[in-house]
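Visitor: Could you look at this predicted model? Sequence included:
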Amino acid sequence: MNILSLVGALVITLSFLSYGIGSITLQRFKVLDWGVLVFISLGVLLDIVAVVFMVAGVGMFKISIHSILGFSATFTMLVNLFLILRLYVLKGMHSTIDRPLLIFSLIAYTWWVIAYLTGSLLILW
């Protein structure tokens, strides 16, 4: 594994921690606050940076089950972030999260965990 892929793996782990903290906080308290905004935004940003490093480390984009899983998870995370930011703009800070957004956020987080775990398993083998 080259250095770019290693940096990508480190950054994706930081993304995993950040997005996880934001998502679990959102599910637990069901209120939009600065912590949720910061951790989910940082998680998405770090995920995009990690993808760039990993693609650069491979040298070219290869279509595989993991790449499809990963890109769809990143897209789902971006949509989730957009919906959370939209709620912030419309209702402001400390607004209650409605059930459909909580369900979508849970699906986005679960999908991303699946992509993260499959990537981790691929590295081990």
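Guide: Noted; the coordinates are in hand.

Visitor: doesn't residue 25 make contact with residue 35?
Guide: Yes - under the criterion of Cβ atoms under 8 Å, residue 35 makes contact with residue 25 at 5.8 Å. C-beta: built from backbone N, CA, C; applies to glycine.

Visitor: in the least confident helix or strand in the chain by mean pLDDT, what counts as buried?
Guide: Least confident helix or strand of the chain, by mean pLDDT, DSSP states H and E, is helix 99-124 with a mean of 93. Judged by neighbour count (16 or more other Cβ atoms under 10 Å), helix 99-124 contains these buried residues: 101, 105, 108, 109, 111, 112, 115, 116, 119.

Visitor: how about those residues in TSV, adding distance to residue 21?
Guide: Formatted as TSV, these follow (distance: Cβ to Cβ, whole Å):
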residue	distance to residue 21
101	18
105	13
108	14
109	11
111	17
112	13
115	18
116	14
119	20
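
Visitor: What ranges does the chain have for its helices?
Guide: 3-29, 34-58, 65-91, 99-124 (DSSP state H).

Visitor: Where does pLDDT dip in this structure?
Guide: For the chain, the stretches flagged by pLDDT under 70 are 125.

Visitor: Give me the neighbour count for the nearest residue to residue 45 once chain neighbours are set aside.
Guide: Using Cβ to Cβ, 6 or more residues apart in numbering and skipping the chain neighbours, the partner closest in space to residue 45 is residue 15 (8.0 Å). Residues near residue 15, counting by other Cβ atoms under 10 Å, number 24.

Visitor: Buried residues, stretch 86-94. List them.
Guide: For stretch 86-94, burial by neighbour count (16+ other Cβ under 10 Å) applies to 87, 88.
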